[in-house]
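Novice: Just need the structure, nothing else, for what follows:
(one chain, ligands or ions: 1)
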Amino acid sequence: MSYKTILIIAYEKNALNSMVSQLLDIGIRDYFNIEARIVEDIDHSSIENDTMVLLSSHIVYKMVKPFLNDDIPYIISKRMINFSKIRHILEIPKGERVLLVSNLKGTAKETIDIFQEIGVQLELEPYYPGASFSTDISTAITPGEVQLVPGSIKKTIDIGSRIIDISTIFEIFNRSNITSFSYNHLSARYMQSLLQITDELSDEILKSKVLQTSLESIINNIDDAVIVYSQHERIRAVNQRALNLLNLNHITVINRKMKEIVSSTLVNFIRKLEVDEDQFFEVNKEAFYVRKKDLRVENQPFGSLIIFREIDEIRKIEHEFRNKSKEKNLVAKYSFKDIKTESNSIHHIKNISKKLAKSDSTILLLGETGTGKEVFAQAIHNASTRSNYPFVGVNFAAISETLLESELFGYESGAFTGAKKNGHIGLFEQAHKGTIFLDEIGDASPSIQNRLLRVLQEKQIMRLGGDQVISLDVRIIAATNKDLNQLIQANEFREDLYYRLSVLPINIPPLRLRKNDILPLFHNFAEEFYSLLKRPPFKLSDSAKNALLTYDWPGNIRELRNVAEYVAHICEEVVYEKHLPFSLSQHHVLIDTEESDSLEELIQEFEQKEFLHELVLILHFLKTDGAPSSGRHAILNYLKENNVDLTDQQLRYRQKLLNEKELILIQRGRKGSKITCLGEKFLEKVKG
Ligand SMILES: Nc1ncnc2c1ncn2[C@@H]1O[C@H](COP(=O)(O)OP(=O)(O)OP(=O)(O)O)[C@@H](O)[C@H]1O
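Specialist: Now for the predicted structure:
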């Protein structure tokens, strides 16, 4: 069952606000609407059907039970003490009598129980409004209820409202059958906060059952094998997967030094591993991508988190990706005759390209998005002596860094358990005797740039995990809409690689600089759609022609084609300016019937590209805080706040993707982008 709304109920406002902000913090609004009420405001009418109720405690449950119909699902939140203030409690001399102040008798007692469980050695006396207390007590501890502390108390330690336990968060998502939520990400957040505590607590308390179990339950919820160690490589936590993988016994591992319990090869490998860079490592003949993350506590280095991710998992994604790319990318469908133009500049470029097609040198195509770089690349391939061999396209901004290297260069048979008998052929090998099209080359990471440079210099590749050199017979065409010179200045692109690539540079001008092409291309595309839709041709009014000619065309020919398709759908005989969808917001009314299926397909496609979470965040922002429109800077900031770190160009690519799928509209200049109706529907669909 999936629920649209979560109604949070607490006894009073402080606790309610703290629960709400905690849930908002972990991004729950991407999945549910959030409503919040205090007990006093609850009656039968306040709980709607598709709502799940989250109660702050058992006591609150008892209070609102009469208003909960049998069919309303509810979860009683487990809540932990907020450990970040525990240091102040540890400073109180052992055995001192202290008042524990809370709003209800039950919550005061619950909190005392938790303190006792974690081994706090104080004599705690519950206090709540109306209760009596020993007048010789001078210190009070309260979970966020300072106003209730009796006046005679000299020192009050406010440990803040209690926090929702991670198991409750898991329960919310499990009950709603939501699988897209990133538990790893959530667990990492909880883990960071717990580690902070472990640093503050004495060893004795660190060993306490509650804390250790919490830390372990968190890392056991991560799908990959995880080891957490502090400085001097002392192991602080290991999840079950890591224990199995490294053949270790839990009891003998905690607090031991890494080098005492894992192989020296692994220790050396981990020491050399750069933070956030995936590297292959084999354990018991199984291959893993290993990643290191730095952990900091109060801005001081604490230690590291090591994550082992099974290659098989990655390979699954890769496999699907490869199948798709086979369907799409191995043949070049465009020839020079498909490049329609009335403009001198493109005629000129076509003539040069035809000549260059005959040579085998590397070509670099430059131009804005949608200007036809890929169309040219395919036409060049088809006009070359390689036309009977594969044309393999690879988009550097569309494949995750993790997949890209093995995707390009392949890996060796037997390199990993379960690897195919003949290994995996990389795209360079697939393009043998043909052409490889390296699209969005400006997005290549430094390590991929290094490898590409070597390939270009030596005309040879080596598969990952292999030692055999494979000679290449492949023509390389690269393309980018970035200013590579600028990237070189900023040290983001290797100058030597640039010179290798730009042996024969071709600059394709944007549509707004070749206005002669606008109307002929528009008619061409329109004709394509007449026959597709089996509809009679339409006429363009003068106002429409003028509007087409004066529009800026930020999406260039791709956008022009979209406009022709749109008009072919909506206009009967004459197209007037008002029919042109330069604001695409009306566009989607028409395609409702197939819409749901195609949205589902989109979700899958994005999931496969490992982009779904990022794209949903972008759309969510454009719909809420970023409405009515936002520039890249604001979007990047928002993503950063949500722990998604993208470069400007990576964001551009994602925006382009969303724009192509018509989920957002990218406006020229400083207007930024805005979400379309279809984008809003997509968001709703993702949230189920
Ligand atoms: N001269 C042309 N004649 C006909 N159609 C064209 C022409 N140029 C581009 N197109 C159309 O425009 C679309 C976009 O072109 P293409 O994918 O080659 O652009 P691109 O410059 O590679 O874009 P990006 O940088 O976004 O990858 C193509 O699908 C094709 O339909």
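
Novice: So which bits of this protein are right by the ligand?
Specialist: 338-341, 367, 369-375, 439, 481, 557-558, 561 (Cβ under 6 Å from any ligand atom). Where C-beta positions appear, they are placed from N, C-alpha and C, glycine not excepted.

Novice: Of these, keep whichever come out buried.
Specialist: Neighbour-count burial (16 or more other Cβ atoms under 10 Å) applied to the residues of the chain next to the ligand gives 339, 341, 367, 369-375, 439, 481, 557-558, 561.

Novice: Locate Phe308 within the secondary structure: which element?
Specialist: Assigned by DSSP states H and E, Phe308 belongs to strand 300-310.

Novice: I'd like the mean pLDDT over that strand, please.
Specialist: For strand 300-310, the mean per-residue pLDDT is 81.

Novice: what residues does it touch?
Specialist: 188, 191, 195, 199, 222, 224-231, 233-234, 236, 241-242, 245, 270, 273, 275, 278, 281, 283, 286-296 (Cβ atoms under 8 Å, 6 or more residues apart in numbering).

Novice: same thing with stretch 231-245?
Specialist: Counting by Cβ under 8 Å, 6+ apart, 195, 198, 212, 215-216, 219-220, 222-230, 248-250, 253-259, 261, 267, 283-284, 286, 301-303, 308 sit against stretch 231-245.

Novice: Buried residues, that stretch. List them.
Specialist: Quick answer for stretch 231-245 (16+ other Cβ under 10 Å): Glu233, Ile235, Arg236, Ala237, Val238, Asn239, Arg241, Ala242, Leu245.

Novice: I'd like the next helix or strand past the host helix or strand of the third one.
Specialist: If you go by DSSP H and E, Arg236 is part of strand 234-238. Towards the C-terminus, the helix or strand next in line after strand 234-238, according to DSSP H and E, is helix 240-246.

Novice: could you dump that following helix to PDB, C-alpha only?
Specialist: C-alpha atoms of helix 240-246 as PDB (Å, rounded to 0.1, in the frame of the first residue of the first chain):
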ATOM      1  CA  GLN A 240      27.800  -8.300   8.500                       C
ATOM      2  CA  ARG A 241      28.600  -8.200   4.800                       C
ATOM      3  CA  ALA A 242      32.100  -7.000   5.500                       C
ATOM      4  CA  LEU A 243      32.600  -9.700   8.200                       C
ATOM      5  CA  ASN A 244      31.500 -12.400   5.700                       C
ATOM      6  CA  LEU A 245      33.600 -11.000   2.900                       C
ATOM      7  CA  LEU A 246      36.800 -10.700   4.900                       C
END
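
Novice: what about the following helix or strand past it, distance to the chain center?
Specialist: Next in sequence after helix 240-246, counting helices and strands by DSSP H and E, comes helix 250-253. Relative to the centre of its chain, helix 250-253 is centred 35 Å away, using Cα atoms, centre = their mean, to the nearest Å.

Novice: so what secondary structure elements neighbour helix 250-253?
Specialist: Helix 250-253 sits against strand 234-238, with contacts defined as 3 or more Cβ pairs under 8 Å, 6 or more residues apart in numbering; DSSP states H and E.

Novice: repeat that with 10 Å
Specialist: Where contact means 3 or more Cβ pairs under 10 Å, 6 or more residues apart in numbering; DSSP states H and E, helix 250-253 is packed against strand 234-238, helix 240-246, helix 258-261.

Novice: Dump that helix to PDB, restricted to CA.
Specialist: Taking C-alpha atoms only, helix 250-253 is exported to PDB below (Å, rounded to 0.1, in the frame of the first residue of the first chain):
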ATOM      1  CA  HIS A 250      32.900  -9.600  15.000                       C
ATOM      2  CA  ILE A 251      34.200 -10.000  18.600                       C
ATOM      3  CA  THR A 252      37.800 -10.100  17.600                       C
ATOM      4  CA  VAL A 253      37.600  -7.100  15.200                       C
END
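
Novice: and that helix, which residues are buried?
Specialist: Val253.

Novice: average pLDDT across that helix?
Specialist: pLDDT averaged over helix 250-253 gives 75.

Novice: Now do the helices in the stretch 151-300 of the chain.
Specialist: Here the stretch 151-300 of the chain has its helices, by DSSP state H, counting those that start in this stretch, at 166-175, 183-200, 203-206, 209-220, 240-246, 250-253, 258-261, 264-272.

Novice: what's the least confident stretch among those?
Specialist: Across the helices of the stretch 151-300 of the chain, helix 203-206 gives the lowest mean pLDDT, at a mean of 44.

Novice: re earlier: quick one: strands adjacent to the strand holding Phe308?
Specialist: strand 225-230 (antiparallel), strand 286-297 (antiparallel) (DSSP bridges).

Novice: tell me the angle it makes with helix 264-272.
Specialist: 120 degrees (axes from the mean of the first three to the mean of the last three Cα atoms, to 10 degrees).

Novice: host element of the nearest residue in space to Phe611 that is not next to it in sequence?
Specialist: Sequence neighbours aside, Arg654 is the residue nearest to Phe611 in space, at 6.4 Å (criterion: Cβ to Cβ, 6 or more residues apart in numbering). Using DSSP H and E, Arg654 falls within helix 648-660.

Novice: related to what we said a few turns ago, can you select the buried ones among the contacts of stretch 231-245 for me in PyMOL?
Specialist: Burial among the contacts of stretch 231-245 is assessed by 16+ other Cβ under 10 Å; the matching PyMOL selection reads:
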select buried, resi 195+198+212+215+216+219+220+222+224+225+226+227+228+229+230+248+253+258+261+267+283+302+303+308
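
Novice: Domain map for this structure?
Specialist: The chain breaks down by automatic domain parsing into domains covering 5-80, 83-160, 182-310, 330-507, 511-582, 590-687.

Novice: Switch those domains over to TSV; also include distance to Ser176.
Specialist: Formatted as TSV, those follow (distance: least, Cβ to Cβ, whole Å):
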stretch	distance to Ser176
domain 5-80	7
domain 83-160	27
domain 182-310	14
domain 330-507	28
domain 511-582	36
domain 590-687	10
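
Novice: Quick one: distance of stretch 5-16 to the chain centre.
Specialist: 30 Å.

Novice: Enumerate the positions of it that are buried.
Specialist: Going by 16+ other Cβ under 10 Å, stretch 5-16 has these buried residues: Ile6, Leu7, Ile8, Ile9, Ala10, Tyr11, Glu12, Asn14, Ala15, Leu16.

Novice: Within the sheet, what are the partner strands of the helix or strand hosting the third one, with directions?
Specialist: If I follow you right, that is Ile8. If you go by DSSP H and E, Ile8 is part of strand 5-10. Applying DSSP bridges, strand 5-10 is found paired with strand 33-38 (parallel), strand 51-55 (parallel).

Novice: Which SSE is immediately downstream of that strand?
Specialist: helix 13-25.

Novice: Which elements pack onto that next one?
Specialist: strand 5-10, strand 33-38, strand 51-55, strand 79-80, strand 163-164, helix 166-175.

Novice: And those: which comes nearest Phe621?
Specialist: strand 33-38 (16.8 Å; Cβ to Cβ).

Novice: Can you show me the CA trace of the closest one as PDB?
Specialist: Taking C-alpha atoms only, strand 33-38 is exported to PDB below (Å, rounded to 0.1, in the frame of the first residue of the first chain):
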ATOM      1  CA  ASN A  33       3.000  15.300   2.000                       C
ATOM      2  CA  ILE A  34       3.700  16.100   5.600                       C
ATOM      3  CA  GLU A  35       1.000  17.200   8.000                       C
ATOM      4  CA  ALA A  36       1.600  17.800  11.700                       C
ATOM      5  CA  ARG A  37      -0.800  18.200  14.600                       C
ATOM      6  CA  ILE A  38      -0.600  18.200  18.400                       C
END
